[in-house]
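1. How does the following fold in three dimensions:
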Amino acid sequence: MVAEVRPSYESEYAAIVAVAHKLGIGTAETLRKWVRQDQIDTGRRAGTTTDETAELKRLRQENAELRRAHEILKSAFFAAELDRPQRRS
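-> Residues are numbered from 1 along each chain as shown. Alright, predicted model coming up:
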């Protein structure tokens with residue numbers, strides 16, 4: 001919608017303010033961020049796309065789970081070593 005009305009305004013921000021007011025969005029800043037993210041997602045602006053952000057979040061969660069599992073396994077391994085009878089030479 002901002003792109004459609006942009007030619008009628010002196011700047012993109014003026015168009016964003018007008019559209020935000022028409023749509024009843026609390027602040028123009030919210031709509032400006034949405035417009036910027038759309039520009040990134042469509043390749044018209046550099047940045048991290050929505051899909052890349054979601055993938056990064058998923059990978060970070062997976063990494064955290066793997067780290068927790070690793071710590072649990074490491075603790076179990078060392079606990080088993082302590083329970084094992086010692087050999088005497």
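
2. any idea where the helices of the protein begin and end?
-> Under the criterion DSSP state H, helices of the chain are mapped to 2-5, 12-23, 28-41, 50-83.

3. could those go into TSV alongside mean pLDDT and mean neighbour count?
-> In short, each C-beta sits where N, CA and C put it, glycine included. What follows is the helices of the chain, written out as TSV (pLDDT from 0 to 100; neighbours: other CB atoms under 10 Å):
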stretch	mean pLDDT	mean neighbour count
helix 2-5	92	14
helix 12-23	95	16
helix 28-41	96	16
helix 50-83	91	10
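
4. how close does the residue nearest the centre of the chain sit to residue 60?
-> Geometric centre of the chain, nearest residue: residue 53, 3.7 Å, by CA atoms, centre = their mean. Relative to residue 60, residue 53 is positioned 11 Å away (CB to CB, to the nearest Å).

5. my guess is residue 2 contacts residue 19, does it?
-> Yes - counting by CB atoms under 8 Å, residue 2 touches residue 19, with 5.1 Å between them.

6. Show me whatever sits in contact with both of the two.
-> Residues touching both residue 2 and residue 19 (CB atoms under 8 Å, 6 or more residues apart in numbering): residue 31.

7. Walk me through the domains of this structure.
-> 1-47, 48-89 (automatic domain parsing).

8. Contact partners for the residue nearest to residue 25 when sequence neighbours are not counted?
-> Sequence neighbours aside, residue 31 is the residue nearest to residue 25 in space, at 5.2 Å (criterion: CB to CB, 6 or more residues apart in numbering). Residues counted as contacts of residue 31 (CB under 8 Å, 6+ apart) are 2, 16, 19-20, 23, 25.

9. for those, which one is nearest residue 45?
-> residue 2 (13.6 Å; CB to CB).

10. contacting residues for that closest one?
-> 12, 15-16, 19, 31, 35.

11. So residue 28 sits against residue 17, correct?
-> Yes - Residue 28 is in contact with residue 17 according to CB under 8 Å; the separation is 4.4 Å.
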